[in-house]
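A.B. asks: this one's sequence-less:
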């Protein structure tokens with residue numbers, strides 16, 4: 001039975017472990033991971049076009065003017081956005097699309113695409129979030145403070161999502177998200193083809 005592709009949003013504070021959980025989900029499932037654009041500098045070990053499309057602020061503003069982004073937002077002084085065309089093309093082919101975006105962008109996508117499945121990923125505790133941010137060793141003390149301040153506001157948004165998943169352990173968090181995707185595929189509202197056939 002053919003079903004429309006799912007658009008899956010995963011959000012959560014910086015340091016929650018989204019990238020690690022998403023890698024585990026992608027290892028198990030055939031999904032298109034939408035690579036976001038950002039104006040932030042590349043971190044050690046990151047690759048352009050794989051982790052992000054690293055672009056200038058001027059180029060980002062051009063994409064906004066061309067309506068070439070599905071969503072965009074400013075986070076900790078940097079711009080992040082989702083290129084529109086690759087996501088729409090994959091969904092038209094029937095491939096599920098996964099977006100790793102923050103809460104402002106998620107709100108924009110859910111307004112435009114109410115069928116999107118939204119998952120908020122959270123650490124097991126505030127203390128654990130702070131520990132993870134400090135252990136990354138990539139940010140200054142000022143940036144860590146800003147990230148924690150932003151995280152408080154993001155956690156307030158968690159109740160607006162369809163699902164909440166605690167990342168206490170990567171495999172278990174990925175299990176929960178895969179179960180959510182399986183459940184969403186069984187929603188009667190997504191099974192129009194089945195009902196038309198019978």
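C.D. replies: Looks like it came in fine. Owing to the predicted nature of the structure, the values given are computational and were not obtained by experimental measurement. Residues are numbered from 1 along each chain as shown.
A.B. asks: which residues does residue 55 contact?
C.D. replies: Neighbouring residues of residue 55 by Cβ atoms under 8 Å, 6 or more residues apart in numbering: 37, 38, 39, 63. Every residue, glycine included, has its C-beta placed from N, CA and C.
A.B. asks: ok, so of those residues, who is nearest residue 100?
C.D. replies: residue 38 (11.3 Å; Cβ to Cβ).
A.B. asks: my guess is that closest one contacts residue 79. True?
C.D. replies: Yes: with contact defined as Cβ atoms under 8 Å, residue 38 and residue 79 form a contacting pair (6.6 Å).
A.B. asks: now do the shared contacts for the two.
C.D. replies: Common neighbours of residue 38 and residue 79 (Cβ under 8 Å, 6+ apart) do not exist.
A.B. asks: related to what we said a few turns ago, narrow the contacts of residue 55 to those in strands?
C.D. replies: 37, 38 (DSSP state E).
A.B. asks: need the helix or strand of the protein with the lowest average pLDDT.
C.D. replies: helix 192-197 (a mean of 68; mean pLDDT, DSSP states H and E).
A.B. asks: circling back to that earlier point, tabulate the contacts of residue 55 (a markdown table), appending pLDDT and neighbour count.
C.D. replies: What follows is the contacts of residue 55, written out as a markdown table (pLDDT from 0 to 100; neighbours: other Cβ atoms under 10 Å):
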| residue | pLDDT | neighbour count |
| --- | --- | --- |
| 37 | 95 | 19 |
| 38 | 95 | 19 |
| 39 | 96 | 19 |
| 63 | 96 | 18 |
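A.B. asks: Throw the contacts of residue 55 into TSV and include distance to residue 190, thanks.
C.D. replies: Below are those laid out as TSV (distance: Cβ to Cβ, whole Å):
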residue	distance to residue 190
37	30
38	32
39	36
63	31
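A.B. asks: so where is this structure shaky, pLDDT-wise?
C.D. replies: Applying pLDDT under 70 to the chain flags the ranges 1-2, 137, 192-198.
A.B. asks: all helices for it, in order.
C.D. replies: 18-28, 57-65, 84-92, 103-112, 126-136, 141-157, 170-185, 192-197 (DSSP state H).
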